[in-house]
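With the sequence up front, the predicted model follows.
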Amino acid sequence: MKIKNSLPTSNQTTRRQFTKSVATTLIAAPLAASLAKAQTPAKKEPTAPPNPQQTPASQKPSPLAEAYAEVARQRFGEKWTPEQLEQVKKDLDGNVRTADRLRAVKLKNGDEPDFVFSAE
């Protein structure tokens, strides 16, 4: 009876390598999307009144958004222009502020979702 070698060969992916690649993909996907968004030419649309929940341009980004932007700059900075990096920083700041607003809503145990699932 032959005993299989439990060590992976050079062409097999280990569970650890697979997990690392999945984690990297999950982290890089939002950054890649914002990079693609920054590279598309802007279409001229009619100007709408500003949304009061949007952050003004003069407001400084939150420290958490600055930290996320620094991580993105360290990882992808050589591929981005300074304008793209600023756009990523603004997008990250918007995400952080949205998360803060969501966390500020206090739900009670009896609060139900806006929709109800039913199976018949």
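Done, it's in.

Mind checking what secondary structure the residue nearest the centre of the chain has?
Nearest to the geometric centre of the chain sits residue 30, at 3.8 Å (C-alpha atoms, centre = their mean). What DSSP: H, G, I helix; E, B strand; the rest coil gives for residue 30 is helix.

Check what pLDDT it gets.
What the model reports as pLDDT for residue 30 is 77.

what about the helices in the protein?
Counting by DSSP state H, the chain has these helices, from start to end: 15-39, 63-76, 82-104.

how about CSV for those, with distance to residue 120 added?
The way it works is simple: take the backbone N, C-alpha and C, and place the C-beta from them, glycine included. Output for those, formatted as CSV (distance: least, C-beta to C-beta, whole Å):
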stretch, distance to residue 120
helix 15-39, 36
helix 63-76, 45
helix 82-104, 33
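
Out of these, which gets the lowest mean score?
With a mean of 76, helix 15-39 has the lowest mean pLDDT of the helices of the chain.

okay, the angle between that helix and helix 82-104?
In terms of direction (axes from the mean of the first three to the mean of the last three C-alpha atoms, to 10 degrees), helix 15-39 departs from helix 82-104 by 110 degrees.

tell me the angle helix 15-39 makes with helix 63-76.
100 degrees.

Check which helices and strands helix 15-39 is in contact with.
If you count contacts as 3 or more C-beta pairs under 8 Å, 6 or more residues apart in numbering; DSSP states H and E, helix 15-39 packs onto helix 63-76, helix 82-104.
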